[in-house]
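Engineer: The sequence isn't on hand, but the structure is:
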Ligand SMILES: [Zn+2]
């Protein structure tokens, strides 16, 4: 049995880990490397995975850093099966073409420059059509229902509690009592999150490949999101200001809507309209509605009472671009939830450009902002930022709520694996910046866990 790490090794993006066993090869995830544009582009394009001999992809969830390089894999000759939960298949069918669209836009911009310099144009990493070409390879699977990828290899998907459809993947080689068990954590979610069921508690295994995004960190204290959110909403109403919330379309937006819904239901939501303004967010929310099999009991109870977890009287979904622009001229108070989550593109940019210069307005950051992004500059309270190439003085208040994370923190990771502690074989720590993985390795070592490894990209292990 061999394991090779093609991505998310000592970093957080580009998840792809190849398992070779009994003459078959399966790939856990095929994510996009993200970061500095040129470097990421080269790494994504120069995919090292032997695509044409690969039998299957076991996809943990739809986030682009886990699924976003599947189109390149298919372009390189992959003709096997991509196994994923039904919700993940549906999310990928909107997210991959959206990603293709962004890649097309990306080169369009660079190619304009290159054309002026008389240089040959770049090809996009993949196009919308190439992204759509991936969809027929998907095969949907159900949580807790074992299936075979070959005669000797059985796979089970477990709840990850991370985003809709997210799974932890257990592979049992050679079945029966003597089976070797390999577990890939995907992204480990958090217990007691709204909408989704809690993560499956880890069971003993021979090989564990686990994420360590927050391997060295603890999330903000137990302060409820609502306690931080309400004063911001009230202030906006008092000042007739706008609140612009850059938000990831899948997961984060629905989580926020769920909380606003609860406030509204309890009569606590100050009188102001709420707009979700992003076509991808609107489409993703429809996918959420179609997959009650992923919901926790609380959300199912809402449905049973014929309440809509993703809607309420004061909330409007905006699909039309003219309607989106019309919000610019409408006076506050209002809440605008828009994408992209790190302010790197999308409609949130025109909302920011209009709102940023007015001290009555608030920009509310609710997600991780990577280095070099506009979102990060806002979090860092830069006095001036560039939007669409134009300088804007930041007069709006910038607030941050960190409690939305969909990733387990250090303690939550340890809690997740508590039942398997002492009965682990090899443990590979992936999907974390080096400092985070090292911190987690130290925690495990202190608890007597042996054979903990932080692999480097391209490394192969014979097991
Ligand atoms: Zn994820």
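Structural biologist: All right, it came through fine. Keep in mind the model is a prediction, meaning the values are calculated, not measured.

Engineer: list the contacts for the single nearest residue of the stretch 101-250 of the chain relative to the ion?
Structural biologist: Nearest to the ion in the stretch 101-250 of the chain, going by C-beta to the ion, is residue 187, at a distance of 3.7 Å. The way it works is simple: take the backbone N, C-alpha and C, and place the C-beta from them, glycine included. Counting by C-beta atoms under 8 Å, 6 or more residues apart in numbering, residue 187 makes contact with 60-61, 63, 66, 160, 162-163, 166, 211, 213, 406-407, 431.

Engineer: Any regions of the chain where pLDDT drops low?
Structural biologist: Low-confidence regions of the chain, defined by pLDDT under 70, span residues 175-177, 221-223.

Engineer: need the residues of the protein near the ion, please.
Structural biologist: Within reach of the ion by C-beta under 5 Å from the ion, the chain has these residues: 63, 187.

Engineer: give me that answer again for 8 Å
Structural biologist: Remark: the part of the chain in contact with the ion comprises 60-61, 63, 65-66, 162-163, 166, 186-187, 251, 406-407, using C-beta under 8 Å from the ion.

Engineer: Can you show me the strands along the stretch 151-300 of the chain?
Structural biologist: With strands called from DSSP state E, counting those that start in this stretch, the stretch 151-300 of the chain shows them at 153-159, 167-173, 180-184, 205-211, 242-246, 274-277.

Engineer: Quick check, central residue of the chain?
Structural biologist: residue 63 (3.9 Å; C-alpha atoms, centre = their mean).

Engineer: Surely that residue and residue 252 touch.
Structural biologist: No: using C-beta atoms under 8 Å, residue 63 is not in contact with residue 252, being 10.9 Å away.

Engineer: secondary structure class for the residue lying farthest from the centre of the chain?
Structural biologist: Ranked by distance from the centre of the chain (C-alpha atoms, centre = their mean), the top residue is residue 118, with 38.4 Å. Of the three states, residue 118 takes coil according to DSSP: H, G, I helix; E, B strand; the rest coil.

Engineer: Residue 441 - nearest residue in space that isn't next to it in sequence?
Structural biologist: In space, and not counting its chain neighbours, residue 441 is closest to residue 452: 5.0 Å by C-beta to C-beta, 6 or more residues apart in numbering.

Engineer: I meant to write residue 203 there.
Structural biologist: Nearest to residue 203 is residue 420, by C-beta to C-beta, 6+ apart, at 5.8 Å.

Engineer: Share the number of residues neighbouring residue 307, please.
Structural biologist: 13 (other C-beta atoms under 10 Å).

Engineer: quick one: contacts for it?
Structural biologist: residue 265.

Engineer: element containing it?
Structural biologist: Per DSSP states H and E, residue 307 falls between elements, in no helix or strand.

Engineer: and if you look at residue 456?
Structural biologist: Residue 456 belongs to no helix or strand, assigned by DSSP H and E.

Engineer: contacting residues for it?
Structural biologist: 5, 9-10.

Engineer: Now, those residues that are in strands?
Structural biologist: Per DSSP state E, strands hold the following members of those: residue 5.

Engineer: can you list the contacts of residue 456 in a markdown table and add neighbour count?
Structural biologist: Converted to a markdown table, these look like this (neighbours: other C-beta atoms under 10 Å):
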| residue | neighbour count |
| --- | --- |
| 5 | 24 |
| 9 | 24 |
| 10 | 19 |
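
Engineer: from the middle of its chain, how far away would stretch 294-303 be?
Structural biologist: Relative to its parent chain, stretch 294-303 has a centroid offset of 22 Å by C-alpha atoms, centre = their mean, to the nearest Å.

Engineer: Quick check: buried residues in that stretch?
Structural biologist: 294-296, 299, 302 (16 or more other C-beta atoms under 10 Å).

Engineer: Look up phi and psi at residue 332.
Structural biologist: Per-residue torsions, residue 332: phi -70, psi 180 (degrees, to the nearest 10).

Engineer: Tell me who's in contact with it.
Structural biologist: Applying C-beta under 8 Å, 6+ apart to residue 332 gives the contacts 236, 239-242, 272, 360-361.

Engineer: Now restrict those residues to buried residues only.
Structural biologist: Counted by 16+ other C-beta under 10 Å, these give 236, 239, 241-242, 272, 360-361 as buried.

Engineer: Out of those residues, which is nearest to residue 131?
Structural biologist: residue 242 (33.9 Å; C-beta to C-beta).

Engineer: partners of the closest one in the sheet?
Structural biologist: Residue 242 forms beta bridges with residue 334, as assigned by DSSP bridges.

Engineer: Show the contacting residues for it.
Structural biologist: 236, 332-336, 351, 355, 358, 360-362.
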